[in-house]
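Engineer: let me see the structure of the following:
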Amino acid sequence: MMLVISLAIPAVAQNKNELVNRKKKLQREIRLTNKLLKETRKNKDLSVDELLKLKSKINSRSNLIVAMNSEMRLINKEITDNKIEIVALEEGLIALRSEYSKIIYYAFKHRSSYDKIMFIFASEDINQAYKRLKYIQQYSEYRKGQAIEILKTKEKLALKISALNQTNEDKWILVSLEKQEQQNLTIEKQEQEHIVQKLQGKEQELKDKLKKKEQAKRKLQKAIQRIIESEIRKAREAAKKAGNKTKGFPMTPEALKLSNSFASNKGKLPWPVAQGVITAQFGKHPHPVLDGIIINNNGIDISTTKGANARAIFNGVVSSVAIIPGEGKVVMVRHGEYLTVYSYMSKVFVNKGDKINLKQDLGVLVNEAGKSKTQVHIEIWKGMTKLNPKYWIFRK
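Structural biologist: The predicted model follows:
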């Protein structure tokens with residue numbers, strides 16, 4: 001039983017450490033979102049951006065509570081395991097003490113050195129005398145060993161009791177924190193409902209803004225498609241001149257190596273900003289305020305701090321730098337068969353054809369005057385297929 005317990009402890013500890021790290025990550029996200037919301041609320045007018053940041057915080061808070069509940073289950077298991085091991089140690093200690101008492105009693109009855117000598121001399125031959133001598137020595141060592149084992153078991157028991165007390169203390173601290181997070185979540189959900197109700201009174205204004213945004217998005221998508229089609233065409237022409245017939249996106253050995261390297265780093269790529277929170281997900285989603293309206297996002301939007309730079313998530317070559325009304329300045333970076341697109345910059349530091357390094361700054365993100373809104377929009381394409389950047393960047 002004790003062996004099973006000792007084998008289980010490292011796995012529990014590992015899972016607990018993972019949960020603690022996840023909690024820290026979520027707490028950092030909440031602190032950053034609070035900072036971004038504070039900036040946003042300097043603008044007195046309610047905005048969808050404020051709502052999205054609040055929704056992101058609610059999501060982080062909900063995940064934090066889930067992590068806390070998971071940690072609570074592990075702590076309860078740890079408490080149960082410690083209690084079982086304490087019982088096992090106590091039973092073992094009782095057995096050792098009982099055995100030791102018998103040994104001491106026997107030793108007391110035969111404590112005379114004369115008795116031991118006579119026991120040896122009464123042997124029938126030298127071989128038996130040697131065996132009896134070894135027996136007396138081993139018995140003496142066994143007594144010492146039993147005494148040491150009792151001391152060790154008492155020490156283990158004291159440590160386990162101390163660990164149990166500490167785990168119980170951790171549990172009640174966690175219970176208190178989880179209760180506070182639940183209260184914060186309730187307040188934030190009420191705040192979210194209040195903002196939605198107020199924004200619903202600006203329905204026409206929101207529809208006008210959405211219309212402009214959709215127009216900008218279509219222009220960006222057309223620009224991306226033109227770039228991709230042009231690069232594919234040029235690559236095929238170059239391959240044809242070299243006597244190579246190929247479908248898809250023809251690549252040089254260098255470009256193929258870069259493409260494979262990009263693909264192998266899925267889930268490990270750095271964020272396109274030094275710090276930020278995802279406020280708009282990839283794909284189709286209901287509008288956060290307007291009923292019956294579905295938004296289709298070709299990438300993800302990450303809110304960040306004022307004055308932040310957009311940065312490359314991998315080595316590559318700049319395919320294009322463009323200005324898209326409503327999207328700001330846009331930089332497209334080629335990574336073999338893959339293309340990353342970075343939008344919402346007011347100033348760019350790179351030009352078409354430049355070689356780009358991992359985490360290299362591409363430009364300064366737009367900070368809309370009076371709106372305290374700074375974000376980067378990032379898209380990832382493989383050929384003509386849009387990919388979800390969330391699964392490619394590192395999940396902090």
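Engineer: please count neighbours and contacts with C-alpha atoms only from this point.
Structural biologist: Will do.
Engineer: in this structure, which spans are helices?
Structural biologist: 2-40, 48-109, 113-121, 126-200, 203-241, 253-264 (DSSP state H).
Engineer: and those helices as CSV, adding mean pLDDT?
Structural biologist: As requested, these are exported to CSV (pLDDT from 0 to 100):
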stretch, mean pLDDT
helix 2-40, 72
helix 48-109, 80
helix 113-121, 51
helix 126-200, 79
helix 203-241, 85
helix 253-264, 92
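Engineer: looking at these, which is buried most?
Structural biologist: Of all the helices of the chain, helix 48-109 has the most neighbours on average by mean count of other C-alpha atoms under 10 Å, namely a mean of 17.
Engineer: quick one: residue 316 and residue 331 touch, right?
Structural biologist: No - contact criterion C-alpha atoms under 8 Å: residue 316 and residue 331 do not qualify, at 11.9 Å.
Engineer: domains of the protein?
Structural biologist: Domain segmentation of the chain under automatic domain parsing yields 2-200, 251-391.
Engineer: distance to residue 337 for the helices of the chain - can I get that in CSV?
Structural biologist: Putting the helices of the chain into CSV (distance: least, C-alpha to C-alpha, whole Å) gives the following:
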stretch, distance to residue 337
helix 2-40, 33
helix 48-109, 32
helix 113-121, 89
helix 126-200, 42
helix 203-241, 9
helix 253-264, 6
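Engineer: which of these sits closest to residue 305?
Structural biologist: Closest approach to residue 305 among these (C-alpha to C-alpha): helix 2-40, 6.6 Å.
Engineer: list the contacts for the spatially closest residue to residue 70 that is not a sequence neighbour?
Structural biologist: Leaving aside its chain neighbours, residue 70 sits nearest to residue 19 (7.6 Å; criterion: C-alpha to C-alpha, 6 or more residues apart in numbering). For residue 19, the contact set (C-alpha atoms under 8 Å, 6 or more residues apart in numbering) comprises 67, 68, 70, 71.
Engineer: now residue 389
Structural biologist: Residue 389 neighbours (C-alpha under 8 Å, 6+ apart): 282, 299, 300, 378, 379, 380.
Engineer: check contacts around the second one.
Structural biologist: Residues in contact with residue 299 (C-alpha under 8 Å, 6+ apart) are 281, 282, 283, 377, 378, 379, 380, 386, 387, 388, 389.
Engineer: now swap in the third one and tell me
Structural biologist: Remark: with contacts taken as C-alpha under 8 Å, 6+ apart, residue 300 is in contact with 278, 279, 280, 281, 282, 377, 378, 379, 388, 389, 390.
Engineer: neighbour-wise, which of those leads?
Structural biologist: Of all these, residue 378 has the most neighbours under the rule other C-alpha atoms under 10 Å, reaching 26 neighbours.
Engineer: my guess is that residue contacts residue 339. True?
Structural biologist: No - look at residue 378 against residue 339 with C-alpha under 8 Å: they stay out of range, at 10.5 Å.
Engineer: buried stuff in stretch 279-294?
Structural biologist: Across stretch 279-294, burial judged by 16 or more other C-alpha atoms under 10 Å covers 279, 280, 281, 282, 289, 290.
Engineer: just these now: which is nearest residue 366?
Structural biologist: residue 279 (16.1 Å).
Engineer: now the closest one: how far from residue 293?
Structural biologist: 18 Å (C-alpha to C-alpha, to the nearest Å).
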